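J.: Mind looking at a prediction? Sequence and model below.
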Amino acid sequence: MAAKKITKYVKVQIEAGKATPAPPLGPALGQAGVQIGDFVNKFNAATQGQQGRLSVKIYVYEDRTYDFVIKTPTATSLVMKAANVAKGNSKGGAGTISKDKIREIAEIKLKDLTAHTVEQAAKIIEGTAKSAGIKVV
């Protein structure tokens, strides 16, 4: 049996367990030919019990079927939550986060990053924190 041919690829960020057919998700999936209600039900069931904003890659095939891959929550959302900050500030002073928390987040995100070790992943997460104006202590 031959592999299905991918006709569309959609990458979106959705709050875990809270997908709705409303924009931006609905129009993105509609243009790709995905049945929106079906995707919303499957996504919400798959992410029940998780928290945070998740990156989702949706592969749409020529027969209008689809598969989706759920990634870990975004590094920014994990850093902001750990630092107890609602909004970042590029000029700094948005909050602080410990090296231990950075390492915890790096361990969570390791499989989604290009890093090979937790130490390399921690450097990436530390850069994310600094970009959001969060001081690493």
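T.: Great, that's in hand.

J.: most residues in a single helix of this structure, which one?
T.: helix 118-131 (DSSP state H).

J.: and that one, which residues are buried?
T.: Applying a neighbour-count criterion of 16 or more other C-beta atoms under 10 Å, one finds 121-122, 124-126, 128-129 buried in helix 118-131. In this view, the C-beta of every residue, glycine as well, is placed from N, C-alpha and C.

J.: Residues contacting whichever helix or strand comes after that helix, please?
T.: On the C-terminal side of helix 118-131, the closest following helix or strand by DSSP states H and E is strand 134-136. Strand 134-136 is contacted by residues 79-80, 83, 85, 88, 92-99, 102, 126, 129-130 when judged by C-beta atoms under 8 Å, 6 or more residues apart in numbering.

J.: The residues you listed in strands, which ones?
T.: 95-97 (DSSP state E).

J.: Now rank the residues you listed by neighbours and give me the top one.
T.: With neighbours taken as other C-beta atoms under 10 Å, the top of the ones in strands among the contacts of strand 134-136 is residue 97, carrying 26 neighbours.

J.: Enumerate every residue touching it.
T.: 79, 82-83, 129, 134-137.

J.: Can you give me the domain boundaries for the protein?
T.: Recorded structural domains for the chain (assignment: automatic domain parsing) are 6-72, 74-136.
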